[in-house]
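Colleague: What follows is a predicted structure for the sequence shown.
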Amino acid sequence: MQNRIPVPLLTRDIFAIANLSPFTGFISNLSVFTWGSSGVICIFSFFILSPINNKDKKLKNFIGLSGLISFWFMLDDFFMLHEMLLPYFLKVPEKFIVGAEFALLSLLLIYYKNIILNSTQFQILGTALLLFGLSVFIDILPISFDYTGSKNNQLFLLEDGSKLMGIVTWFFYFSSISYQQIFKERKLLDSDFNLPS
């Protein structure tokens, strides 16, 4: 059994340990839940879809890979991977991790651009990406934040609020295309069963 971290720190509720309000980090926690929900929907859809043509196969793979990316961002948000854990334990610079995440997301979008533009409501995904961009832009501004006071409330709300809205929009986008594909395959299956013998 490991001895570096006391067991109660691993098992007890974080709010009880730190004597914090249950609303502490509410928006951050909501973001984690929404990333996770996006990942579950995408991976679930990936495993139940049975595409019959190349276009639908590519869309299925796009959904599945996006689910894996959603899970990665969920873990990153929850464990603060790029801010703390990876730089501390693996000595990987935060900028390198953020750059790798940006590159991975860009590769996904570029590789599946035709599917995104021709087979999905790409405006919704574009809105999510714009909101993510706004959050990152505010985060890198050369501003010293007062984390204990209230004078930066508007900036915090704009940064974290735009990030949350981006994640919710991402969730809505992938929920929508997953539902459409499942419904489409269900209709095809029903029509096959109803064909006259």
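Modeller: Yes, it's here.
Colleague: CA only for contacts and neighbour counts going forward, please
Modeller: Noted.
Colleague: Now do the same contact list for I63.
Modeller: C42, I43, S45, F46, F174, S178 (Cα atoms under 8 Å, 6 or more residues apart in numbering).
Colleague: most neighbours, which of those residues?
Modeller: The residue in the contacts of I63 with the most neighbours, by other Cα atoms under 10 Å, is C42 (28 neighbours).
Colleague: picking that back up, just checking, which of the contacts of I63 belong to helices?
Modeller: Among the contacts of I63, the ones falling in helices (DSSP state H) are C42, I43, S45, F46, F174, S178.
Colleague: Could you look up the SS state of I17?
Modeller: Following DSSP: H, G, I helix; E, B strand; the rest coil, the label given to I17 is helix.
Colleague: what does the one 5 residues further on give?
Modeller: Following three-state DSSP, the label given to P22 is coil.
Colleague: how about the contacts of I63 in JSON lines, adding pLDDT and distance to T127?
Modeller: Converted to JSON lines, the contacts of I63 look like this (pLDDT from 0 to 100; distance: Cα to Cα, whole Å):
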{"residue": "C42", "pLDDT": "98", "distance to T127": "19"}
{"residue": "I43", "pLDDT": "98", "distance to T127": "22"}
{"residue": "S45", "pLDDT": "97", "distance to T127": "23"}
{"residue": "F46", "pLDDT": "97", "distance to T127": "24"}
{"residue": "F174", "pLDDT": "98", "distance to T127": "13"}
{"residue": "S178", "pLDDT": "97", "distance to T127": "18"}
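Colleague: Pick the one among the residues you listed closest to F102.
Modeller: F174 (18.9 Å; Cα to Cα).
Colleague: That closest one is in contact with C42, isn't it?
Modeller: Yes: counting by Cα atoms under 8 Å, F174 sits close enough to C42 to count as a contact (6.8 Å).
Colleague: what comes up buried for stretch 180-195?
Modeller: The neighbour-count check on stretch 180-195 (16 or more other Cα atoms under 10 Å) flags Q181, I182, E185 as buried.
Colleague: Restricted to helices, list those residues.
Modeller: Q181, I182, E185.
Colleague: Phi and psi next, for the closest residue in space to the second one that isn't next to it in sequence.
Modeller: With Cα to Cα, 6 or more residues apart in numbering as the measure, L49 is the residue that lies nearest to I182, at 6.4 Å, once sequence neighbours are left out. In this entry, L49 is assigned phi and psi values of phi -70, psi 140 (degrees, to the nearest 10).
Colleague: how much space between L49 and K55?
Modeller: Distance, L49 to K55, by Cα to Cα, to the nearest Å: 13 Å.
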